[in-house]
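Asks: Let me see the structure of the following:
(one chain, ligands or ions: 1)
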Amino acid sequence: MPKPARPIPATLVPGDGIGPEITTAVVAILAAAGTPFAWERQAGGQAALRRHGDPLPRALLDSIRRTGLALKGPLETPVGGGFRSVNVRLREEFGLYANLRPVRTLIPGGRYDDIDIVLVRENVEGLYLAWEHYLAIDDDPHAVAISSGVNTRAGSRRIARYAFDYAVRHRRKKVTIVHKANVLKALTGIFLETAREEGKRYAGRLEVNDRIVDACAMQLVLNPWQYDLIVTTNLFGDILSDLLAGLVGGLGMAPGANIGERASIFEAVHGSAPDIAGSGIANPTALLLAACLMLEHVGQRARATSIRKALDRTLREDGVRTKDLGGDASTKQFTRALIRRLG
Ligand code: NAI
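Replies: Reported below is the predicted structural model:
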C-alpha cells in the first residue's frame, strides 16, 4: 500500500435514493485503502430541495468552488416546477467541458470479453446548446423545427488536448477522432480539423486516426477491440458512451467524470434507483470506479489501481456480487468482502 498522503479536501454529495447507501460503502472502501480525501459532506437533490428549496443549494456549490473536487451520488431532478436539470446547472457553473467515460469488462463471460475503451466527450458545445426554435406556417405553430449547433476552435482544441494528454498519461496507444465531417462539414469539420492538428503534437507517442460516427458505431459492435480511446463531440459522445456501456453489460457498472476549468465532478452513470432505495442491496461498483477516476485525477494512481484489483478479485475470484449482477450479497456484505481483499 502506498504511504499516506496529505489530506485533500473534497466535496461529498450522497444524493438521492440509493445515493446515501452507495456513498457510505464507497467512503468506507476509500478509507480502508488509505485514500487522502477530507470530505465536506453536502446535501443535494431531494433532501436539499426539502431543506433549502433548491436541489443544488448554495452551500453545495460553495463547497465545490472551494475544493474543486466532488464525488456525487445520483440526484433526482424534480419533474415540473420549472427546475432545470441539476447536471446541466453543474456543467455550466463549473465549466465541465470534458466528460470521461471509461468502460472495462468486469465480469467475464458476457457477450464481449476484455473490453477496455475510454470515451472522451465534449460536454458544453455542439447541438446540446439546444438553441432551438419553431417556425409557424399557417395555423401550425410547429411547422418547422430549427436547431443550431455551435463548435468552436477553442473548444475543440481544449477537448482534443484533454483527450490526447489523458491517453499519454494512461499509456493508451491510439486515439480515434469521431466525427461526421462528410455531412456536417462546418460543425464537425472544425472539430476534426482542430483535433487532427492537435494530434500532430503527439506524433511518436500516440497513433491518431479518425472515423465517421456511423462507421464507428458499427465497428464498436463488430470488433470493439480495435478501439482504445475515442474523442468526439457532444451528441455523438452521448450516444456512443451508452453503446460502450452496453458492451460491458449496461450502465450499472459505468463510472463517469466531468472535468472542468473550475472543478471536476465524479459520479456513477446510473440514477438514484428509487425502486430499491433503502433495501440495502444497491451495487456501489460504479460510484467506486468513479472514485478511482477521482484518485487518478489527484495523482493517486497506485491507490486507484489497488482498489480496482480488489474489486476484480471480489467479483471474479470470490464471486461476491450484488443482486443486479445475479448474486445475493447485500451492499454491506459486498463492501466488507472488498475491504478484505484490500488488506
Ligand atoms: P436508474 O439508473 O436509477 O435505475 C434503472 C434500473 O437500474 C433500476 O431498476 C435500478 O434499480 C437499477 N440500478 C441502478 N443503479 C443501481 C445500482 N447501483 N445497484 C443496483 N441496481 C441499480 O434510472 P431511472 O430509474 O431512470 O432514474 C431514477 C432517478 O435518477 C431519476 O430521478 C433521474 O432523474 C435520476 N438520475 C440521476 C442521474 C445523475 O444524477 N447522474 C443519472 C440518471 C438518472
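
Asks: Kindly confirm my reading that Ile239 is in a helix.
Replies: Yes. Counting by DSSP: H, G, I helix; E, B strand; the rest coil, Ile239 falls inside a helix.

Asks: Quick check: pLDDT value at it.
Replies: The model reports Ile239 with a pLDDT of 96.

Asks: what sits against it?
Replies: If you count contacts by C-beta atoms under 8 Å, 6 or more residues apart in numbering, Ile239 has them with Ala217. In short, each C-beta sits where N, CA and C put it, glycine included.

Asks: how near is it to the ligand?
Replies: Counting by C-beta to the nearest ligand atom, to the nearest Å, the gap from Ile239 to the ligand is 16 Å.

Asks: got it, and Val178?
Replies: 23 Å.

Asks: what residues does stretch 161-168 touch?
Replies: In contact with stretch 161-168 (C-beta under 8 Å, 6+ apart) are residues 97-98, 100, 118, 120, 172, 174-175, 195, 198-199, 201-202, 205-206, 208, 228-229, 231, 259.

Asks: The residues you listed in strands, which ones?
Replies: 98, 100, 118, 120, 174-175, 208, 229, 231, 259 (DSSP state E).

Asks: Mind telling me what element the most centrally placed residue in the chain is part of?
Replies: Centroid-nearest residue in the chain, with C-alpha atoms, centre = their mean: Gly256, separated by 1.4 Å. Assessed by DSSP states H and E, Gly256 sits inside strand 255-259.

Asks: Could you export stretch 69-80 as CSV, CA atoms only?
Replies: The C-alpha trace of stretch 69-80 is given here as CSV (Å, rounded to 0.1, in the frame of the first residue of the first chain):
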residue,chain,number,x,y,z
LEU,A,69,-13.4,18.2,-6.5
ALA,A,70,-16.6,16.3,-5.8
LEU,A,71,-17.8,12.8,-5.5
LYS,A,72,-21.5,12.9,-6.2
GLY,A,73,-24.3,10.4,-5.7
PRO,A,74,-27.3,10.4,-8.1
LEU,A,75,-29.5,13.5,-7.9
GLU,A,76,-33.2,13.5,-8.9
THR,A,77,-34.3,16.4,-10.9
PRO,A,78,-37.8,17.3,-9.8
VAL,A,79,-40.2,16.8,-12.7
GLY,A,80,-42.1,20.1,-13.4
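
Asks: near the ligand at all, that stretch?
Replies: Yes. Shown here: stretch 69-80 in contact with the ligand (C-beta under 6 Å from any ligand atom) through 74-77.

Asks: neighbours around the residue of the stretch 101-250 of the chain found nearest the ligand, how many?
Replies: In the stretch 101-250 of the chain, the residue that lies nearest the ligand is Gly250 (8.1 Å; C-beta to the nearest ligand atom). For Gly250, the count of nearby residues is 14 (other C-beta atoms under 10 Å).
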